[in-house]
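# Fold the following and give me the result.
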Amino acid sequence: MQLDILTPEHKVYNGNVYGIQLPGIEGSFEILENHAPMIATLGKGKMKIIKDKNTAEMYEISGGFVEVLDNKASVLIESAVALD
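Purely as a prediction, here's the structure:
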């Protein structure tokens, strides 16, 4: 699945991934390859980019939106801080 993550200041991530876990306003959820089209509001919390089954990156985000369409996820967020 193609993933683009943008803040107003910079591009956080662009590339192919296995999936992504996001903090929705009513709880966390996960998007994997071939997910149904959707638009969701994101809350403050942890975002996990799952590059493959053994590699992931974690970020603390402060809210935004995600759109999924045609096996591409676009995440627009206010800010992202990488976690170790």
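# going forward, measure contacts and count neighbours with C-alpha atoms only.
Will do.
# Strands of the protein, start to end?
Under the criterion DSSP state E, the chain contains strands at 2-6, 11-16, 19-24, 27-32, 38-52, 55-69, 72-77, 80-83.
# ok, now which ones touch E57?
E57 is in contact with K48, I49, I50, K51, A82, L83, counting by C-alpha atoms under 8 Å, 6 or more residues apart in numbering.
# how close does D4 sit to E67?
According to C-alpha to C-alpha, to the nearest Å, D4 stands 10 Å off from E67.
# Buried residues, stretch 19-35. List them.
With burial defined by 16 or more other C-alpha atoms under 10 Å, the residues of stretch 19-35 counted as buried are G19, I20, Q21, L22, P23, G24, I31, L32, E33, H35.
# Spatially nearest residue to the second one (excluding sequence neighbours)?
Read that as I20. Here the nearest residue to I20 in space, its sequence neighbours aside, is I49; by C-alpha to C-alpha, 6 or more residues apart in numbering that works out to 4.6 Å.
# how many neighbours does that neighbour have?
21 (other C-alpha atoms under 10 Å).
# thinking it is in contact with V17, fair?
Yes. Between I49 and V17 there is a contact under C-alpha atoms under 8 Å: 7.3 Å.
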